[in-house]
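> Build me a model:
(4 chains)
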Number of protein chains: 2
Amino acid sequence: MTTNRAALRMKPRRQQAEEALAKIIASMKTGEQLPPEPSLARQLGVSRATLREVMRTFVERGMLVRRHGVGTFVSSRIPALEAGLEVLESIDTIARRMGLKTEVAHLEIVERPATPTEARGLDRPEGCDVLVVTRVISVEGEPVADLRDVVPLAYLRARELGDGFRGSVLDILLNKPALLLVTSKTQISVAKATEKFARRLGVPRGSALLKMTAQLYSYDDKVVAFSTSYFVPGHFQFHVMRKVSRR
Amino acid sequence: MTTNRAALRMKPRRQQAEEALAKIIASMKTGEQLPPEPSLARQLGVSRATLREVMRTFVERGMLVRRHGVGTFVSSRIPALEAGLEVLESIDTIARRMGLKTEVAHLEIVERPATPTEARGLDRPEGCDVLVVTRVISVEGEPVADLRDVVPLAYLRARELGDGFRGSVLDILLNKPALLLVTSKTQISVAKATEKFARRLGVPRGSALLKMTAQLYSYDDKVVAFSTSYFVPGHFQFHVMRKVSRR
DNA sequence: ATAGGCAAGATGTCTGACAAGTCAACCGGT
DNA sequence: ACCGGTTGACTTGTCAGACATCTTGCCTAT
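Next up is the predicted model:
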């Protein structure tokens, strides 16, 4: 077999170098200067051209600043993405990284036709069949989020959510190699807790909730999932690193 | 004078190519394939290595997807940053782009020692002298945001805010070439309108507001400004494009 | 029909060179 | 002693060409 499976393909050298450089950056203080490109390339075992492509990604993320004729400097090490919004991750993944335990409550999994709002969010005809997963996520016993994911049946069926379902539809979608998810567009707003949400989240009725709605896009720009989340403030700290518009 | 001023320095070829490629991408449909690198490089008048660095930035932003041995494809054209959070812009700039008029009310400009909270946000000793600018921004007559910017006097003085001050401290800081601002870290949460905010923003007391606090960093990672903003929901739609964590 | 080989064409990487910017040390004239 | 320009070392920016590797589809031998 000449075609090798994606799973056991070796990492491209660029990616190896990227991880290695990330470690180097993490070990340096802010404002410190990196070694010159030629020696850094030798150190990482790649050519200067490849190294420069790698560095470009870090510049794009705002972690490195280059000054022509002077050098390359560590700008701000985004601290291993604590709960930053640049990268889409499931609450479960974030909580696990912070060493916290999550539980699922009020779990409800149904297959039914999409409502008009859901159809619009999915960019699909109204009434198309979708899988709807609703649940409340608790971290260390405290309810922190009310989540609803809507996915067309073509992408996910109810039976694929095994009994070990920990509440993350996203993690399941990410593990379907055929989908090749790329980006998510997340809208941010606020909402007041209705009677129902107040009861489910254990907060006073009318208290302010952080509301996020998101569309998950595959590489060909199809909407794979449409999700609505309500977060109880104070439990998760969301932040986003923003680039200053370049001159 | 052998050293030329930053203002009239020619754009590096990479940046020219970046802008040209952005236009090409914008003119293409999603999923469409780009020309091969060699011909694209010729078309843009740069070498393949430079073109690849440029492409890397678009890949990093999720606008291009590359498949080894196959080609490069247009993924999703982030629609010319409507009010996305990836790039830091002033409300004034956003509103102007949308063709709306802004006004400033309750403007208050004082120089005084920093409060403990402000000092912590600025990562400076408590009581250091700062410039504090507070105001309410209205768009088309409707109050939409209550803003407070805190800047150490070393970076900005009250007298630098001319009489034509349109409410954007950010735009003034961006136009100070010596600062070289790079990134901003913005925390997102919610708050309920207190008596004071309710009156200033013309909303019922206790209604939910979107709260953002941000630190503005210069290239050497000094905090140049610390700002707190309260947004009336519904007037601005904030969203953020999130990358899926790479495998 | 089908499996295997093969070649075309795409991205991935490397090498070595030169261009351009920055900074500091140096040096001559005042 | 001071000031101004020059030089040179060192950095990032860009280039050209070559080869490696991956994917795909065609084409042939079975």
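> which phi and psi does residue A:234 have?
Here is the backbone geometry of residue A:234 (degrees, to the nearest 10): phi 100, psi -30.
> In the sheet, which residues pair with residue A:228? Tell me.
residue A:148, residue A:213 (DSSP bridges).
> what pLDDT does it get?
At residue A:228, the pLDDT value in this model is 92.
> try residue A:124
As predicted, residue A:124 sits at a pLDDT of 89.
> How about the backbone phi and psi for it?
Torsion angles at residue A:124 (phi, psi; degrees, to the nearest 10) stand at phi -130, psi 160.
> remind me which residues of chain A are low pLDDT?
For chain A, the stretches with pLDDT under 70 are A:1-11, A:76-88, A:96-99, A:163-164, A:175-182, A:219-221, A:241-247.
> Show me how chain A divides into domains.
A:2-74, A:81-239 (automatic domain parsing).
> Same list (those domains) but as TSV, adding mean neighbour count.
The way it works is simple: take the backbone N, C-alpha and C, and place the C-beta from them, glycine included. Shown next, in TSV, are the domains of chain A (neighbours: other C-beta atoms under 10 Å in any protein chain shown):
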stretch	mean neighbour count
domain A:2-74	15
domain A:81-239	17
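> Please identify which of those domains is closest to residue B:75.
domain A:81-239 (5.7 Å; C-beta to C-beta).
> Which parts of chain A are helices?
A:13-26, A:37-44, A:48-60, A:91-97, A:116-122, A:169-174, A:195-201 (DSSP state H).
> If you count contacts, what does the shortest one end up packed against?
Read that as helix A:169-174. strand A:142-152, strand A:223-231 (3 or more C-beta pairs under 8 Å, 6 or more residues apart in numbering or on different chains; DSSP states H and E).
> same deal with the fifth one?
Of the remaining helices and strands, those touching helix A:116-122 by 3+ C-beta pairs under 8 Å, 6+ apart are strand A:129-139, strand A:142-152, strand A:208-218, strand A:223-231.
> let's see 7 Å
strand A:142-152, strand A:223-231 (3 or more C-beta pairs under 7 Å, 6 or more residues apart in numbering or on different chains; DSSP states H and E).
> isn't residue A:152 right next to residue A:127, touching?
No. Residue A:152 sits out of contact with residue A:127 when judged by C-beta atoms under 7 Å, with a separation of 11.8 Å.
> I'd like the helices and strands packed on helix A:169-174 as TSV, with distance to residue B:223 appended.
As requested, the helices and strands packed on helix A:169-174 are exported to TSV (distance: least, C-beta to C-beta, whole Å):
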stretch	distance to residue B:223
strand A:142-152	29
strand A:223-231	27
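> so which of these gets nearest residue B:197?
Of all the helices and strands packed on helix A:169-174, it is strand A:223-231 that lies closest to residue B:197, at 21.3 Å by C-beta to C-beta.
> Excluding its own residues, what touches the closest one? List them.
Residues from elsewhere that reach strand A:223-231 (C-beta atoms under 7 Å, 6 or more residues apart in numbering or on different chains): A:118, A:121-123, A:144-151, A:155, A:169, A:173, A:179, A:181, A:191, A:197, A:209-218.
> Please name whichever of the domains of chain A is nearest to residue B:25.
domain A:81-239 (12.8 Å).
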